[in-house]
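[1] Curious how this folds, go ahead:
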Amino acid sequence: MTIRSAPCVAGITVKQLAFMCSNQCSLACRHCCTGANSCDSMLLQKQSVLSAIDEASSLGITHIAFTGGEPLGHCDDICNFVHHAHDRRCVTSIATCARNTKLMDEPEQTVHALRKAGLDRIGISWDRYHAGCDSDWNEIEHIIHLCRASGMHVQINAVIPDRPDMADVRVERRLREFNVPYVKVPLSPFGRGRTMFSEHQLVSKSRSYCDVNCVCDMIGNLTYVSDGTLVPCCGTGMIDAIHVKGAGLANVLNLGNLYRESLSDSLARSEASIFLTIMATLGPMGFFLLDDQHVLRNDDRQWPERGCSVCQFCCFAAGSSDFQAFLGGLSACELELLPRLRRAREVLERWGLIAVPLQVP
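    The predicted structure follows:
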């Protein structure tokens with residue numbers, strides 16, 4: 001098998017392919033951005049996942065991730081997938097809540113099985129908003145110790161609001177006690193998180209302007225969600241768009257399907273994605289700068305003057321009923337779009353912000 005350099009889609013190097021194997025989870029946390037629940041029985045088909053891993057590896061994609069829902073609710077399948085990816089020399093990772101899974105019930109055996117399969121990295125969600133976080137402190141600490149002792153890279157993924165209260169401060173103090181890296185994840189207005197977001201506005205916004213130069217690593221990620229749809233980034237906002245906002249927006253953000261075409265064909269079609277092209281050439285601020293009709297500017301507080309992260313953009317777009325029409329309009333006027341891209345690029349250069357080292361045609 002010939003290993004090639006990572007594929008490039010619309011100017012974005014695809015570094016990682018993720019699989020949301022299921023959106024099933026027994027916790028039903030009130031802030032869950034995917035709306036995961038114990039009744040969701042949709043699973044990615046095993047053989048299709050294995051075939052996609054084979055193709056991703058042959059294309060030069062070096063990182064394979066497994067998310068949910070709760071991926072370890074199907075621990076044996078995950079071990080099989082991880083082993084398959086590891087055999088193809090891919091770096092493997094899992095994002096888990098750990099609770100109500102074998103990892104919590106049988107930590108020693110489960111960590112051993114995951115590491116034996118070839119798991120390189122594990123991200124564990126732990127914060128005050130996850131169900132049971134106060135009672136499982138010692139168990140999570142034990143799991144972290146076992147994972148680190150086995151040679152896995154461990155990180156904590158935590159929702160921390162922009163203006164933390166005393167409970168959040170206590171959580172951050174505990175996170176530091178774990179003595180592992182922790183990543184602050186924004187609370188997104190998707191799934192059940194939509195209600196909490198509107199009630200508390202617990203979105204993590206950067207205090208300093210985000211260099212558009214730093215187009216978040218997630219933009220180099222593509223995700224197969226549990227119905228087989230291939231979507232950009234982590235897929236969270238896209239899932240919401242597909243299942244809540246209807247087919248119009250889904251058609252813009254849907255890059256392919258696991259069951260209907262090969263990954264190569266999906267990547268080839270994605271070259272024409274206006275969404276990915278703008279994200280690659282201008283970064284998230286590109287959408288704001290291209291919006292000469294002020295469609296997206298119904299709340300300027302969502303857009304820092306000179307920078308915006310990918311997650312901020314996704315949160316803003318999900319709350320804008322006009323975003324579908326805006327993207328559709330961009331797709332329909334490609335001849336007009338090139339000079340507008342150039343003008344937007346000039347503005348970013350004048351501000352000293354460059355999305356990525358890619359020339360707008």
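[2] ok, now which ones touch residue 92?
    Going by CB atoms under 8 Å, 6 or more residues apart in numbering, residue 92 touches 63-66, 82, 85-86, 118-121. C-beta coordinates here come from the backbone N, C-alpha and C atoms, glycine included.
[3] now, which of these sits nearest residue 41?
    residue 66 (17.9 Å; CB to CB).
[4] how about that closest one, secondary structure?
    For residue 66, the assignment made with DSSP: H, G, I helix; E, B strand; the rest coil gives strand.
[5] What residues are bridge-paired with the nearest residue to it once chain neighbours are set aside?
    Spatial nearest neighbour of residue 66, chain neighbours left out: residue 94 (5.0 Å); criterion: CB to CB, 6 or more residues apart in numbering. Per DSSP bridges, the residues bridged to residue 94 are residue 66, residue 122.
[6] what's the distance between residue 94 and residue 327?
    32 Å (CB to CB, to the nearest Å).
[7] circling back to that earlier point, how deep is the residue nearest to residue 66 tucked in, by neighbour count?
    By other CB atoms under 10 Å, the residues close to residue 94 number 24.
[8] just checking, it touches residue 120?
    No: judged on CB atoms under 8 Å, residue 94 makes no contact with residue 120 at a distance of 9.5 Å.
[9] For residue 6, state which of the contacts of residue 92 is nearest.
    Nearest to residue 6 among the contacts of residue 92: residue 63, at 9.2 Å, using CB to CB.
[10] Would you list the phi and psi of that closest one?
    Phi and psi for residue 63, reported as degrees, to the nearest 10, are phi -120, psi 130.
[11] wouldn't it be in contact with residue 93 here?
    Yes: at 7.1 Å, residue 63 counts as touching residue 93 under the criterion of CB under 8 Å.
[12] before we move on, the earlier item: could you dump the contacts of residue 92 to CSV with neighbour count, pLDDT and distance to residue 100?
    Shown next, in CSV, are the contacts of residue 92 (neighbours: other CB atoms under 10 Å; pLDDT from 0 to 100; distance: CB to CB, whole Å):
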residue, neighbour count, pLDDT, distance to residue 100
63, 21, 93, 27
64, 25, 95, 25
65, 22, 94, 21
66, 25, 95, 17
82, 26, 98, 20
85, 30, 97, 25
86, 18, 97, 26
118, 18, 97, 25
119, 26, 97, 20
120, 19, 96, 24
121, 16, 94, 22
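[13] List just the nearest of those residues to residue 223.
    Closest to residue 223, out of all of those and judged by CB to CB, is residue 65, at 8.3 Å.
[14] Give the helix, strand or coil label for the nearest residue to that closest one once chain neighbours are set aside.
    Spatial nearest neighbour of residue 65, excluding adjacent residues (CB to CB, 6+ apart): residue 18 at 4.0 Å. Classification of residue 18 using three-state DSSP returns strand.
[15] quick one, longest helix in the chain?
    helix 334-351 (DSSP state H).
[16] For that helix, which residues meet the burial criterion?
    Neighbour counts over helix 334-351 (16 or more other CB atoms under 10 Å) mark 337, 340-341, 344-345, 348 as buried.
[17] Output that helix in CSV with nothing but the alpha carbons.
    Extracted C-alpha coordinates of helix 334-351, given in CSV (Å, rounded to 0.1, in the frame of the first residue of the first chain):
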residue,chain,number,x,y,z
GLU,A,334,-19.2,32.2,-8.1
LEU,A,335,-18.1,34.7,-10.8
GLU,A,336,-18.9,37.6,-8.4
LEU,A,337,-17.2,35.8,-5.5
LEU,A,338,-13.6,36.0,-6.6
PRO,A,339,-13.2,39.8,-6.5
ARG,A,340,-15.1,39.8,-3.2
LEU,A,341,-12.6,37.2,-1.9
ARG,A,342,-9.7,39.4,-3.0
ARG,A,343,-11.2,42.5,-1.3
ALA,A,344,-11.8,40.6,1.9
ARG,A,345,-8.2,39.3,1.8
GLU,A,346,-6.9,42.8,1.4
VAL,A,347,-8.8,43.9,4.6
LEU,A,348,-7.3,41.0,6.5
GLU,A,349,-3.8,41.9,5.3
ARG,A,350,-4.4,45.5,6.3
TRP,A,351,-5.4,44.3,9.8
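[18] Specify the local secondary structure of the residue nearest to residue 101 when sequence neighbours are not counted.
    Of all residues not flanking residue 101 in the chain, residue 72 sits nearest, at 4.0 Å (CB to CB, 6+ apart). For residue 72, the assignment made with three-state DSSP gives helix.
[19] mind listing what residue 72 touches?
    Contact analysis of residue 72 by CB under 8 Å, 6+ apart lists 78, 94, 96, 98, 101-103, 110.
[20] could you redo the last one with a cut-off of 6 Å?
    Neighbour list for residue 72: 96, 101, 103 [criterion: CB atoms under 6 Å, 6 or more residues apart in numbering].
[21] And for residue 130?
    Contacts of residue 130 by CB under 6 Å, 6+ apart are residue 29.
[22] Let's see stretch 71-91 as CSV, backbone CA atoms only.
    Taking C-alpha atoms only, stretch 71-91 is exported to CSV below (Å, rounded to 0.1, in the frame of the first residue of the first chain):
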residue,chain,number,x,y,z
PRO,A,71,-18.1,5.7,22.0
LEU,A,72,-17.1,3.3,24.9
GLY,A,73,-20.8,2.3,25.1
HIS,A,74,-19.6,0.0,22.3
CYS,A,75,-16.2,-0.8,23.7
ASP,A,76,-15.5,-4.0,21.8
ASP,A,77,-16.3,-2.4,18.4
ILE,A,78,-14.1,0.6,19.3
CYS,A,79,-11.2,-1.7,20.2
ASN,A,80,-11.6,-3.4,16.9
PHE,A,81,-11.6,0.0,15.0
VAL,A,82,-8.6,1.3,17.0
HIS,A,83,-6.7,-1.9,16.3
HIS,A,84,-7.5,-1.7,12.6
ALA,A,85,-6.3,2.0,12.4
HIS,A,86,-3.2,1.2,14.5
ASP,A,87,-2.2,-1.6,12.1
ARG,A,88,-2.3,1.1,9.3
ARG,A,89,0.1,3.3,11.3
CYS,A,90,-2.5,5.9,12.2
VAL,A,91,-2.5,7.9,15.4
